[in-house]
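In: Got a predicted structure here, sequence first:
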Amino acid sequence: VEIPAKRLQESIEAAEVPGDKLWNHYTFVPGAGPMADLSCKKKARLDLLLNKTWKANMTVTGAEGLPILKLADNVMRAETSLRISVRLPQTLDPEQAVKDLTELIAKEPPYGALVEIKQCLVWPGFNSNIMEPNLQKIIKEASIKFFGKDPVYFGEGGSIPFLSTLSKNSLKRILLLQAYQARRVAHMDLMKC
């Protein structure tokens, strides 16, 4: 998907806050590293933040049919099942994503294998409305008062699907804040605005 201009600008600003901690906070095995070109650190910071917030991401979360490691051998198995989780960008239609992914996987399965997709659970991501100027002013004043810095904003991929449901069904506006200070993170509750 195309990242909305306002969200891209917010991401550019937010990526500078943690600086190189976006990657040097983690310990990598020799030869491994973050999924970004570190030759341009400013671009690497943005790429890593966008990977987390606006780029699709797939993870295998479960498997059946695989032998335990000490019994694994060079043999063909009759069946292997995987449960995968795909995080989608906030503005991508999840139903269309399932159709596209199903088509892609079924189109050219490896070695002509039979591939079945079962039990697809999908939820829309949440891309909040742009804040009204008066709310931006309040947040900026509070951030400067408590942290001595302007606020920054960034998204969180499709990991919080219930926010989309809440915004459409029950609340006019939702404000979700995470306040970062030193080495701890404080989460503030959802607040009705």
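Out: That came in fine, so what should we check first?
In: okay, CA-based contacts and neighbour counts for the rest of this
Out: Will do.
In: the helices in the chain, which residues?
Out: 5-15, 21-24, 41-53, 94-107, 133-147, 161-169 (DSSP state H).
In: buried sites along the longest one?
Out: Read it as helix 133-147. Residues Ile139, Lys140, Glu141, Ser143 are the ones in helix 133-147 that count as buried (16 or more other CA atoms under 10 Å).
In: Could you export it as PDB, keeping only the C-alpha atoms?
Out: Extracted C-alpha coordinates of helix 133-147, given in PDB (Å, rounded to 0.1, in the frame of the first residue of the first chain):
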ATOM      1  CA  PRO A 133      -5.500  21.200  15.700                       C
ATOM      2  CA  ASN A 134      -6.800  21.800  19.300                       C
ATOM      3  CA  LEU A 135      -6.000  18.200  20.300                       C
ATOM      4  CA  GLN A 136      -2.500  18.400  18.700                       C
ATOM      5  CA  LYS A 137      -1.900  21.600  20.600                       C
ATOM      6  CA  ILE A 138      -2.900  20.000  23.900                       C
ATOM      7  CA  ILE A 139      -0.700  17.000  23.300                       C
ATOM      8  CA  LYS A 140       2.200  19.200  22.300                       C
ATOM      9  CA  GLU A 141       1.900  21.400  25.400                       C
ATOM     10  CA  ALA A 142       1.700  18.300  27.700                       C
ATOM     11  CA  SER A 143       4.700  16.600  26.000                       C
ATOM     12  CA  ILE A 144       6.800  19.700  26.300                       C
ATOM     13  CA  LYS A 145       5.800  20.200  30.000                       C
ATOM     14  CA  PHE A 146       6.400  16.600  31.000                       C
ATOM     15  CA  PHE A 147       9.200  15.400  28.700                       C
END
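In: I'd like the mean pLDDT over that helix, please.
Out: Averaging pLDDT along helix 133-147 gives 91.
In: Just say which of the helices of the chain is most tucked in.
Out: Sort the helices of the chain by mean neighbour count, taking mean count of other CA atoms under 10 Å, and helix 41-53 sits at the top with a mean of 19.
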